[in-house]
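>>> Fold the following, please.
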Amino acid sequence: MARFPVPRPTEDAAIAAASRSARTLPPYPVLFAGLVIADRLGDRHGKNRFAHAIARRGGEVGEA
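Numbers count the residues shown, from 1 in each chain. Just a heads-up that it's a prediction; the model follows:
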């Protein structure tokens with residue numbers, strides 16, 4: 001028996017609401033502390049995420 005995805009209006013509403021809300025980043029000291037901890041733990045994914053969050057907090061939006 002094949003299963004077909006059933007669209008749920010609540011999912012669409014949740015996604016729309018999330019895209020409208022402002023996503024604020026933590027202050028720099030918190031981000032840098034997370035970066036240092038991720039580095040000491042050897043967590044490459046964590047280091048990448050914290051480094052990108054620091055860049056976004058500084059106003060970078062991506063490569064041109």
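>>> which stretches of this protein have low pLDDT?
1-2, 62-64 (pLDDT under 70).
>>> Try it again at 90.
Within the chain, the segments meeting pLDDT under 90 span 1-25, 56, 58-64.
>>> number of nearby residues for Arg49?
15 (other C-beta atoms under 10 Å). For every residue, glycine as well, the C-beta is placed using N, CA and C.
>>> Please disregard the earlier target; I meant Leu31.
There are 21 residues near Leu31, going by other C-beta under 10 Å.
>>> Check the secondary structure at it for me.
Taken by DSSP: H, G, I helix; E, B strand; the rest coil, the conformation at Leu31 corresponds to helix.
>>> Can you get me the centre-to-centre distance for stretch 51-63 and its chain?
Relative to its chain's centre, stretch 51-63 lies at 11 Å (C-alpha atoms, centre = their mean, to the nearest Å).
>>> Kindly provide the distance from Ala53 to Leu41.
Distance from Ala53 to Leu41, counting by C-beta to C-beta, to the nearest Å: 17 Å.
>>> The two: which is more packed in?
Ala53 (17 against 10).
>>> Hmm, that one is touching Pro27, no?
No. With contact defined as C-beta atoms under 8 Å, Ala53 does not reach Pro27; the gap is 11.1 Å.
>>> Name the residues contacting each of the two.
With C-beta atoms under 8 Å, 6 or more residues apart in numbering applied, the contact sets of Ala53 and Pro27 do not overlap.
>>> what's in contact with the helix or strand Ala18 falls within?
In this assignment (DSSP states H and E), Ala18 forms part of helix 9-20. By C-beta under 8 Å, 6+ apart, the list of residues contacting helix 9-20 from outside is empty.
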